[in-house]
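J.: Have a look; sequence and predicted model below, questions after that.
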Amino acid sequence: MTKDEKRNDLSEAALALDHELGRFEELAGQAGRVKLNTEKNLERATEALTRAAESQDRINGQVQKLVAAVQSARQKQEADAAALIARAQEIAQRRAQFAQVLQRMAGLGQMAKEVQELLKEGGGKLGEAQERMQRVADDAADIGRVAAEQDMEDLARQADVLRQQVIAARNKVALLAKKES
């Protein structure tokens, strides 16, 4: 059943009950207005009472349908709420996974700053800078692998771009080191 069908079940049950209550009110009014002064009026009043009693039975049936529709709607709402809670937990877990990978990426940023300081010093520090650059590249590759395994496409891509940039920079530093030798 679609959402509209379930909503219609509830609406239709409420409308049917409302219609039957209106009919009952009309029949009760008829029975109350008829003067009981002739045999024909007594028959009309009796017939109105009979139809009102039949309407009362239909009202009871409509109330049962409405109660069933409300229970069905409540069960659907509870199932939707449970699914929503499960999704919220899934989102929270996923956020935690992203936070861990992002924290590792931030660590790479700190390592890159240290490499930059070594490069500024120049001279004998180029070899150490190259080693640290290789560690940054290796860590970026590992982060990229973890991100890809956890289906974090954007973080995997960022880690790969960082790895490529660091390797390119390391290669330039290696060329510079050869020239200085």
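T.: Nice, thanks for sending it over. Numbering: from 1, shown residues only.
J.: Just checking the distance from whichever helix or strand Ile167 is part of to the centre of its chain.
T.: Ile167 is located in helix 153-180, with elements delineated by DSSP states H and E. Distance of helix 153-180 from the chain centroid (Cα atoms, centre = their mean, to the nearest Å) equals 39 Å.
J.: Show me what that helix is packed up against.
T.: Counting contacts by 3 or more Cβ pairs under 8 Å, 6 or more residues apart in numbering; DSSP states H and E, helix 153-180 packs against helix 39-121, helix 126-149. C-beta here means a position set from N, CA and C on the backbone, and glycine is covered the same way.
J.: List the buried residues of the shortest one.
T.: Along helix 126-149, the positions that meet the burial threshold by neighbour count (16 or more other Cβ atoms under 10 Å) are 126, 129-130, 132-133, 136-137, 139-141, 143-144, 146-147.
J.: Of all the helices and strands packed on helix 153-180, which one is nearest Gln164?
T.: Proximity to Gln164 (Cβ to Cβ) singles out helix 126-149 among the helices and strands packed on helix 153-180, at 8.4 Å.
J.: Determine the angle, from 0 to 180 degrees, between that closest one and helix 153-180.
T.: When axes from the mean of the first three to the mean of the last three Cα atoms, to 10 degrees is applied, the directions of helix 126-149 and helix 153-180 differ by 160 degrees.
J.: Who are the packing partners of helix 126-149?
T.: Under the contact definition 3+ Cβ pairs under 8 Å, 6+ apart, helix 126-149 sits against helix 39-121, helix 153-180.
J.: In a markdown table, list those along with mean pLDDT, distance to Leu17 and mean neighbour count.
T.: As requested, the helices and strands packed on helix 126-149 are exported to a markdown table (pLDDT from 0 to 100; distance: least, Cβ to Cβ, whole Å; neighbours: other Cβ atoms under 10 Å):
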| stretch | mean pLDDT | distance to Leu17 | mean neighbour count |
| --- | --- | --- | --- |
| helix 39-121 | 93 | 4 | 13 |
| helix 153-180 | 89 | 53 | 15 |
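J.: Need those in TSV (columns: distance to Gln30).
T.: Listed next are the helices and strands packed on helix 126-149 as TSV, based on distance: least, Cβ to Cβ, whole Å:
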stretch	distance to Gln30
helix 39-121	4
helix 153-180	72
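J.: Identify whichever of the ones you listed lies nearest to Leu10.
T.: Smallest distance to Leu10 across the helices and strands packed on helix 126-149 (Cβ to Cβ): 4.4 Å, for helix 39-121.
J.: on contacts alone, who are the packing partners of that closest one?
T.: Taking 3+ Cβ pairs under 8 Å, 6+ apart as contact, the helices and strands that helix 39-121 lies on are helix 3-33, helix 126-149, helix 153-180.
J.: Look at the closest residue in space to Gln62 that isn't next to it in sequence and report its pLDDT.
T.: Excluding the flanking residues, the one nearest Gln62 by Cβ to Cβ, 6 or more residues apart in numbering is Leu17, at 4.0 Å. If you check Leu17, the pLDDT there is 94.
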